[in-house]
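# Pasting the sequence and the predicted model now:
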Amino acid sequence: MDSVTDDFIIPQDWSSYSAVDHATWDRLFARQQAMLPGRVVPAFLKGLDVLRLSKPGIPDFAELSDRLMHATGWQVVAVPGLVPDDVFYEHLANRRFVAGRTIRRPDQLDYLEEPDVFHDVFGHVPLLTDPVFADYMQAYGEGGRRAASLGAIDKLARLYWYTVEFGLIRDGDATRIFGAGIVSSRSESVFALDDPSPNRIAFDLKRVMRTRYRIDDYQQTYFVIDSFDDLLRQTLDADFGPIYAELDAAEDLDVDRILPGDRLLTRGTQRHARARTARQ
Ligand SMILES: [Fe+2]
């Protein structure tokens, strides 16, 4: 066991991966690579190229960080799993993305108890080559420090959830996926875009920060941003202190709630969520 320092960074220890570990990465990569064109935001595919992620095997974080540093000044560092919020924010604010180094078992390709290296690296890192998205992630880290001091981490976490993890984006007349939780999941890559079940609602910062989310199944609502520029601008322009105070006085919204003021792109049938409830 490596010792954990204050920043939680540990060596990736790339040479300790087995042939099975690398083969698991390759299978997951091939599945997503076949499915994502036409579904994912083009900047993601560009990121795969820039980082040469199609090279077989689990990426070596040192090599990955060299390329990423060259593109946007970000690095990828290994951590032992989920890290405390303040540590996470501090890394993001300093343009360091923290990633787990272990990979799921080969018989559990679609099952994740907690984020592994495929989710963290394949899902999150390609978009860090996009200059605007890279700035958004740093701004999020800086916002996290402030949210912590205002006791508003839960609200800010919803912004991360509905953008960085499960965000959709307009691309001309089409809608594409960009959230890491979607792009690293074979089934959610289809569900999020094509299934009639979930609501798809145009992104609104305050609205998102009022909305609960579910961690045990597909989302019942996805939020659709206009562009990374727009997301970054809304985040930088907002004065979060008064927004947190306002949201404290407002009710939280359930995952499937639709408000009169929503710009609703798809009214979901919620068939998937109802079928699941019926089975329980
Ligand atoms: Fe993630």
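Okay, I see it. Numbering: from 1, shown residues only.

# contacting residues around the helix or strand where Phe133 lies?
Assigned by DSSP states H and E, Phe133 belongs to helix 131-149. Here helix 131-149 makes contact (C-beta atoms under 8 Å, 6 or more residues apart in numbering) with 43, 72-74, 85-86, 88-95, 97, 127-128, 153, 155-156, 159-160, 163-164, 228-229, 231-232, 235-236, 240-241, 244. Placement of C-beta: from N, CA and C, glycine included.

# just checking, which of those residues belong to helices?
43, 72, 85-86, 88-93, 153, 155-156, 159-160, 228-229, 231-232, 235-236, 240-241, 244 (DSSP state H).

# which stretches of the stretch 1-150 of the chain have low pLDDT?
1-5 (pLDDT under 70).

# Please spell out which residues along the helix holding Phe133 are buried.
By neighbour count on 16 or more other C-beta atoms under 10 Å, the buried set for helix 131-149 is 132-144, 147.

# between it and helix 153-160, how many degrees?
170 degrees (axes from the mean of the first three to the mean of the last three C-alpha atoms, to 10 degrees).

# How many residues are close by Leu159?
The number of residues packed near Leu159 is 25, by other C-beta atoms under 10 Å.

# residues near Tyr111, how many?
8.

# Looks like it contacts Arg104 (just checking).
Yes. Counting by C-beta atoms under 8 Å, Arg104 is a contact partner of Tyr111 at 7.0 Å.

# In contact with Asp116, which residues?
Residues in contact with Asp116 (C-beta under 8 Å, 6+ apart) are 100, 102-104.

# What about those, which are in strands?
Using DSSP state E, the subset of the contacts of Asp116 located in strands is Gly100.

# List just the nearest of the contacts of Asp116 to Phe122.
Of all these, the one with the least separation from Phe122 (C-beta to C-beta) is Ile103, at 10.6 Å.

# what's the closest non-adjacent residue to the spatially most central residue of the chain?
Centroid check for the chain by C-alpha atoms, centre = their mean gives Glu165 as the closest residue, at 2.4 Å. Of all residues not flanking Glu165 in the chain, Gly181 sits nearest, at 4.1 Å (C-beta to C-beta, 6 or more residues apart in numbering).

# count of neighbours near the one you found?
22.

# Let me know whether it touches His119 as I believe.
Yes. The pair Gly181 / His119 is scored as a contact, 7.4 Å apart, by C-beta under 8 Å.

# Tell me how far the closest residue to Val121 other than its chain neighbours lies from Leu236.
Among residues not flanking Val121 along the chain, Ala99 sits closest, at 5.5 Å (C-beta to C-beta, 6+ apart). Note on Ala99: its distance to Leu236, by C-beta to C-beta, to the nearest Å, is 26 Å.

# quick one, which of those two is more surrounded?
Ala99 (23 against 12).

# got a list of what the more buried one touches?
So Ala99 contacts 61, 76-79, 117, 120-121, 124-125 (C-beta under 8 Å, 6+ apart).
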